[in-house]
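# Mind folding the following:
(2 chains)
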Amino acid sequence: MEVLRRISSLLPGLVFIVLVLAGLECLVRAGFINRALFPPPSVVAATLWTLITDGVVLRPLGATMALFAAGYVLAAVCGIGLGLLMGTSQTIAHLLDPLIESIRPMPKAALVPVLMLFLGFGATMKITAVVLASFFPILINTIQGVRGTDSVLIATGRTFGLGRAAITLRVILPAAMPFIFAGMRIAVGLALLMTILTEMLAGAGGLGYLVLENQRSFRIREMYAWLVILAMVGLFINIAMARAERRLVPWLDKHHSI
Amino acid sequence: MVQTQLTSANACTDVGERRLRNDEEIQPRDVLLRLEGVGKSYRSNSLATVALQGIDLAIRRREFMTLIGPSGCGKSTLLQIAAGLIPPSTGRVMLNGRPVTSPPAEIVYLFQQYTKSLFPWRNVRDNVAFALERKPLGRRERAERASAYLAMVGLDEFGNHYPWQLSGGMQQRVAIARALAATPRMLLMDEPFSAVDALTRLELQALVLDIWQKSDDLTIMFVTHDVEEAVYLSDRIAVLTRRPSSISRIVEPGLARPRHAVDTREDPVFLRHRHDLLNTLLDRTHGSS
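As a prediction, this is how the structure comes out:
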């Protein structure tokens, strides 16, 4: 029943997408849009289909996902870890705050050339760039969540005999989870953006590299096909995040209450 | 020292007598927790506020002691000092003859705000199991014990629910089960039933009295601003004055146990104490406002 209801609520939106594609198809075939720059959606779909059935898609997709995952997970671990330290210790917060606040507003893409100087064009540089792009929202939200933890919750931990470290890990961390998750959802988009950007700037086979490379070689159909794959990657990541959120912070989704 | 802080003449002699009698009656070996000259002051914007001043109070083993006083008089602060959650500015707290400097294992504090005290990321059983996690138990045994404590408060069927799926009264029951699971010798309850409806309050009062009476060694220190609740539950009632608060008198209702939710409240002794205490509290509130 639940599945049926969800499908039926999605249906109008899906039908609308199909209508938009059909409209574009008509406009292109009628000559209102330049075919050389925008091939009919059906042609792109055919190209996409061969990319998938030939298995060509696997290696670039794997390369991009590996880069994204490595950078994002590293950013999450560092962001949450440092956020817990800065949120619970005034001393550490006072020490690090000015440095963090001066790096944070910088558009991280501008740092890629610097990273290239020091780390070259390989995976290390790309992962570092992805970490830089996605680390700050996770850090800031973790600090906020930690500082916002209700004092009653902390006192509860204390009256049951928990020490400082145990309270941080077993009370404050889960209590801050909704905030941390909000930061992680912002960070997902930034991490994916930086992944694609570094692949374009120093690419050797990821999805971002292929989009740019096909455009430069004027293989427009292929370019659009890879763009569609990128869109699906983004969609998949968002769905995975929403599922993880429902599992990790179920108390935010109180519609299931009795 | 206590007498100098009193303003009303008739209360003065009354309190003087009672205090003397209480101090004489309590043998040192009967005392579980002793507050010795406890005071608390806060400093904010260079303004110092004295919340509590010179509180001396001895709580006997297995006693049900209630602190009552006008709102804002620092009852909760005093209870948190007794729990080792906040340090006193002056004086000290002695548990079994040892000074309390951090929350002792023998004492569990039950918060008024059960919605904030239960962990929303743990289901009801795991909330109770939290209190068992410092005991060397296997996973299964811990779950079984948690279920047993849930059964004590009548919630054995709700182990898999989350706290936020339960009503207020049920949530406070979970908090009580969790507190009991830590097997404390002393339970400090801070206005635990003030946020639930009147009927649920009666049920929870009966539940706590029942658990307390059945246990071998449980002392309860209870804070409320509800005079009826205080008289109904307590062996002794300590009345706090307005700020800077100190103990003005200690009342011993001496009602028979087990107490009855309806009959006890109609007992002439109950009514007399209620009358007395209400007068005391209202006088003081009017006197200084």
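# For the rest of this, base every contact and every neighbour count on C-alpha atoms.
Noted.
# Give me the phi and psi angles of B:Q53.
Main-chain dihedrals, B:Q53, degrees, to the nearest 10: phi -140, psi 120.
# Test my guess that it contacts B:L35.
No: in this structure B:Q53 lies outside contact range of B:L35 using Cα atoms under 8 Å: 11.5 Å.
# Now the stretch 1-150 of chain B against chain A: closest residue?
B:S117 (5.1 Å; Cα to the nearest Cα).
# Show me which residues of chain A are close to chain B?
Taking Cα under 8 Å from any Cα of the partner chain as the criterion, chain A approaches chain B at residues A:150, A:152-153, A:155-156, A:158-161, A:174-175, A:248-251, A:254, A:257-258.
# from those residues, which ones fall inside helices?
Among those, the ones falling in helices (DSSP state H) are A:152-153, A:155-156, A:158-159, A:174-175, A:248.
# tell me the SS of B:Y232?
The local conformation at B:Y232, judged by DSSP: H, G, I helix; E, B strand; the rest coil, is helix.
# ok, it touching B:R265?
Yes: here B:Y232 reaches B:R265: they are 7.0 Å apart, a contact under Cα under 8 Å.
# quick one, which of those two is more surrounded?
A count of neighbours by other Cα atoms under 10 Å in any protein chain shown puts B:Y232 above the other of B:Y232 and B:R265, at 21 against 17.
# mind listing the helices in the stretch 101-250 of chain A by residue range?
Applying DSSP state H, counting those that start in this stretch to the stretch 101-250 of chain A gives helices spanning A:112-119, A:123-147, A:151-159, A:164-167, A:173-202, A:207-216, A:220-248.
# Go through those helices and pick out the most buried.
Counting by mean count of other Cα atoms under 10 Å in any protein chain shown, helix A:123-147 has the highest mean neighbour count of the helices of the stretch 101-250 of chain A, with a mean of 25.
# Run through the neighbouring helices and strands of it.
Taking 3 or more Cα pairs under 8 Å, 6 or more residues apart in numbering or on different chains; DSSP states H and E as contact, the helices and strands that helix A:123-147 lies on are helix A:58-88, helix A:112-119, helix A:173-202.
# quick one: contacts of the shortest one?
It stands for helix A:112-119. Here helix A:112-119 makes contact (Cα atoms under 8 Å, 6 or more residues apart in numbering or on different chains) with A:125, A:128-129, A:198.
# and B:R140, how many residues sit next to it?
For B:R140, the tally of surrounding residues (other Cα under 10 Å) stands at 9.
# The residue nearest the centre of chain A: what's it in contact with?
Nearest residue to the geometric centre of chain A (Cα atoms, centre = their mean): A:V188, 1.9 Å. Contacts here follow Cα under 8 Å, 6+ apart; on that basis A:V188 touches A:72, A:134, A:237.
# Pick out the residue of the stretch 1-150 of chain A closest to chain B.
Closest residue of the stretch 1-150 of chain A to chain B, Cα to the nearest Cα: A:D150 (7.1 Å).
# Give me the three-state assignment for the closest residue to that residue other than its chain neighbours.
Distances taken as Cα to Cα, 6 or more residues apart in numbering or on different chains put B:K116 closest to A:D150, at 7.1 Å, once the chain neighbours are dropped. Going by three-state DSSP, the secondary structure assigned to B:K116 is helix.
# what's the pLDDT at B:Q113?
B:Q113 is assigned 89 on the pLDDT scale.
# An error on my part: the question was meant for A:L248.
84.
# A:I196 - nearest residue in space that isn't next to it in sequence?
What sits nearest to A:I196 in space, not counting adjacent residues and going by Cα to Cα, 6+ apart, is A:G208, at 4.5 Å.
# what about residue 68, how many residues close to it?
Chain wasn't specified; assuming chain A. The number of residues packed near A:F68 is 23, by other Cα under 10 Å.
# Chain B is the one I meant
Here the neighbour count serves as a burial measure; for B:I68 (other Cα under 10 Å) it reads 27.
# ok, it - contacts?
Applying Cα under 8 Å, 6+ apart, one finds that B:I68 lies in contact with B:75, B:223-227, B:230, B:237-240.
# Report the beta-bridge partners for it.
On DSSP bridges, the residues paired with B:I68 through beta bridges are B:T224, B:V239.
# That one and B:L199: what is the separation?
B:I68 is 21 Å from B:L199, where distance means Cα to Cα, to the nearest Å.
# now B:L271
Relative to B:L199, B:L271 is positioned 20 Å away (Cα to Cα).
# So for these two, which residue has more residues nearby?
More crowded of B:L271 and B:L199, by other Cα under 10 Å: B:L271, with 15 against 10.
# by contact count, what packs against the helix or strand hosting that one?
Taking DSSP states H and E as the criterion, the element that holds B:L271 is helix B:268-288. Helices and strands in packing contact with helix B:268-288 are listed as helix B:227-233; criterion 3+ Cα pairs under 8 Å, 6+ apart.
# Tell me who's in contact with A:R147.
By Cα under 8 Å, 6+ apart, the contact set of A:R147 is A:87-88.
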